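**Q** Fold the stuff below for me.
(4 chains)
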Protein chains: 2
Amino acid sequence: MKIKDKVLIVEDEQSISNFISMILQASGFDTIVVRTGEEALTMVSSHCPDLIILDLGLPDMDGMEVLKSVRKWSNLPVVVVSARNHEHDKVEALDYGADDYLVKPFGTSELLARIRTAIRHTRTALPNGEIAQSGKFTTGELTIDYDKHQVLLRGENARLTVNEYKIVALLGKYAGKVLTYDFIIRELWGPKAKTDNQILRVNMANIRRKIEKNPGQPEYIFTEVGVGYRMREDD
Amino acid sequence: MKIKDKVLIVEDEQSISNFISMILQASGFDTIVVRTGEEALTMVSSHCPDLIILDLGLPDMDGMEVLKSVRKWSNLPVVVVSARNHEHDKVEALDYGADDYLVKPFGTSELLARIRTAIRHTRTALPNGEIAQSGKFTTGELTIDYDKHQVLLRGENARLTVNEYKIVALLGKYAGKVLTYDFIIRELWGPKAKTDNQILRVNMANIRRKIEKNPGQPEYIFTEVGVGYRMREDD
DNA sequence: AGTCATCTTAACGATTTTTTGACGATTTTT
DNA sequence: AAAAATCGTCAAAAAATCGTTAAGATGACT
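**A** From the prediction side, this is the model:
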């Protein structure tokens, strides 16, 4: 029994959103339609869609802002749809983490194909299957709860900030392997971020202060000098 | 020392392939250019590129066939580039596993952004960011753990420095074969480094102090006088 | 407006790592 | 046999790395 994929459609023109919604439903998707950026953000966190179709021209805020907000804590696939055909817009959206950019007007079968492609990416991308990688990772007294977006120490919430959590979550996902500074930075701040690990250093200091007994001699996250960080393997 | 991403360009029109190649190189990619589908397939298996830019109009075979062949055993990102703007073509390519479809003519910055996006997709899958090599190499009581970036002696971390590790890792990769001083130096310090093996000598002394019982009579890394170093074969 | 938490950037120092110069033992070449 | 080159070793200088602190910058919420 296959569960239908949920698609969140963010589009202010009702004629278009209705049309897209119909097409998608006919193709076996569940759809949620919202008109504003704000609704979109609440829907994303409350309904956990499998994909977002995002129009850039929204009444209350720039679609790009929606994209950025979503990307702060999730990398679920976002297909941007816009009337703007300027290269600059495309580049910006893609570099902020959009998975595709379609210019209106577009054909329905192309839209569907691109949606399939975007969903396929997340499916094959993460070996464990999900965007927010569901489940838990545990090593020693440390637990990463991927559902709650929390890191627990002896069952207690370590109260990491969003970025701190993302770093730990990433390291936990590849526990036992060294992740280079560059890789972590790319993953968190996008492909055109500075390749300066300064920011990682202070984040790591803060993380360790929260999860390590003795930050000077870490028990969970080790630094491989000149290379990157590595999380202790699970047990 | 970051390793550049390799992009395989499959395109029969030389003017276009040259152009793309230039753009990519200027953006920090290594490029390989081929004209036919057959060449493309051999290059994919022999050179392991990080991404393929695939033109659909090839002299010897349909680009779609290339795509299908590649997808049989690999899901490395493929960006299709084509003059055909028919929806049917796009859908077909995307459904056969292409990661994106660009219609000629396209802007260079859009191409680059879409390449970044495609690479990003695979990166979240496997953090190959740096020194590709994965797994372990073992000979005698010595183990090179390529995931942890560590060299272990009887299970104990030998605590090599980055450069020391890189040298051992390189020798391990070609265990049994002599690597010339020049080659090792090139590999570590880039093509324009001094061709003076002084620096290798002191590194080797330090390495041996850490991994050999009797540095005077090495058990793992041998020096071929006048030529280079060689690591003992695995067992 | 103001508070609060977080994110970002700059600067500093302790430590580690890299590089360089020098010397002698040994081997190779002349 | 003498001269030259090769290689390992030591020590010291030079450079880089990383954790840490503190000071702005930003944004959310009251």
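**Q** Kindly indicate whether the residue nearest the centre of chain A is helix, strand or coil.
**A** With distances taken as CA atoms, centre = their mean, chain A has A:N75 as the residue nearest its mean C-alpha position (1.7 Å). Classification of A:N75 using DSSP: H, G, I helix; E, B strand; the rest coil returns coil.
**Q** wait, isn't it in contact with A:A98?
**A** No - A:N75 lies out of contact with A:A98 (CB atoms under 8 Å); the separation is 10.8 Å. Using the backbone N, CA and C atoms, a C-beta is placed for each residue, glycine as well.
**Q** Next one, pLDDT for the residue nearest to the centre of chain A please.
**A** Looking at A:N75, its pLDDT is 76.
**Q** The longest helix along chain A to helix B:108-123, inter-axis angle?
**A** In chain A, assigned by DSSP state H, the helix with the most residues is helix A:108-125. Counting by axes from the mean of the first three to the mean of the last three CA atoms, to 10 degrees, helix A:108-125 points 40 degrees away from the direction of helix B:108-123.
**Q** Give me the contact list for the helix or strand just after helix A:108-125.
**A** Following helix A:108-125 in sequence order, the next helix or strand is strand A:136-139 (DSSP states H and E). Defining contact as CB atoms under 8 Å, 6 or more residues apart in numbering or on different chains, one finds that strand A:136-139 is touched by A:143-147, A:172-173, A:175, A:220, A:231-235.
**Q** A:P218: which element?
**A** Counting by DSSP H and E, A:P218 is part of no helix or strand.
**Q** what's next to the strand or helix carrying A:L54, contact-wise?
**A** Per DSSP H and E: A:L54 is located in strand A:51-55. Under the criterion CB under 8 Å, 6+ apart, residues A:5-13, A:16, A:20, A:40, A:44, A:63, A:66-67, A:70, A:76-82, A:98, A:115, A:118-119 lie in contact with strand A:51-55.
**Q** My guess is A:V33 contacts A:E11. True?
**A** Yes - judged on CB under 8 Å, A:V33 makes contact with A:E11 at a distance of 7.2 Å.
**Q** what touches both of the two?
**A** A:S17.
**Q** Of the two, which one has the most company?
**A** Using other CB atoms under 10 Å in any protein chain shown as the criterion, A:V33 and A:E11 rank with A:E11 on top: 23 against 18.
**Q** and the host helix or strand of A:L170, anywhere near DNA strand C?
**A** A:L170 belongs to helix A:162-173 when assigned by DSSP H and E. Yes - residues of helix A:162-173 contacting DNA strand C under CB under 7 Å from any atom of the strand: A:162-164.
**Q** In JSON lines: those residues, plus distance to chain B, pLDDT and neighbour count.
**A** Shown next, in JSON lines, are the residues of helix A:162-173 next to DNA strand C (distance: CB to the nearest CB, whole Å; pLDDT from 0 to 100; neighbours: other CB atoms under 10 Å in any protein chain shown):
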{"residue": "A:V162", "distance to chain B": "18", "pLDDT": "89", "neighbour count": "11"}
{"residue": "A:N163", "distance to chain B": "17", "pLDDT": "92", "neighbour count": "17"}
{"residue": "A:E164", "distance to chain B": "19", "pLDDT": "95", "neighbour count": "18"}
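**Q** Check which helices and strands the helix or strand encompassing A:I9 sits against.
**A** Element membership of A:I9 [criterion: DSSP H and E] is strand A:6-10. If contacts are counted by 3 or more CB pairs under 8 Å, 6 or more residues apart in numbering or on different chains; DSSP states H and E, strand A:6-10 sits against helix A:14-26, strand A:30-34, helix A:37-47, strand A:51-55.
**Q** hang on, the earlier thing: may I see the buried residues of the helix holding A:L170?
**A** A:163-173 (16 or more other CB atoms under 10 Å in any protein chain shown).
**Q** Counting by contacts, list what it packs against.
**A** Counting by 3+ CB pairs under 8 Å, 6+ apart, helix A:162-173 packs on helix A:63-73, strand A:136-139, strand A:142-145, strand A:150-153, helix A:181-189, helix A:198-211, strand A:228-231.
**Q** which of those is buried the deepest?
**A** Looking across the helices and strands packed on helix A:162-173 with neighbours counted as mean count of other CB atoms under 10 Å in any protein chain shown, the highest average goes to strand A:228-231: a mean of 24.
**Q** Identify the residues contacting whichever residue of chain A sits closest to DNA strand C.
**A** Per CB to the nearest atom of the strand, A:T161 is where chain A lies closest to DNA strand C, at 3.1 Å. The contact partners of A:T161, by CB under 8 Å, 6+ apart, come to A:N206.
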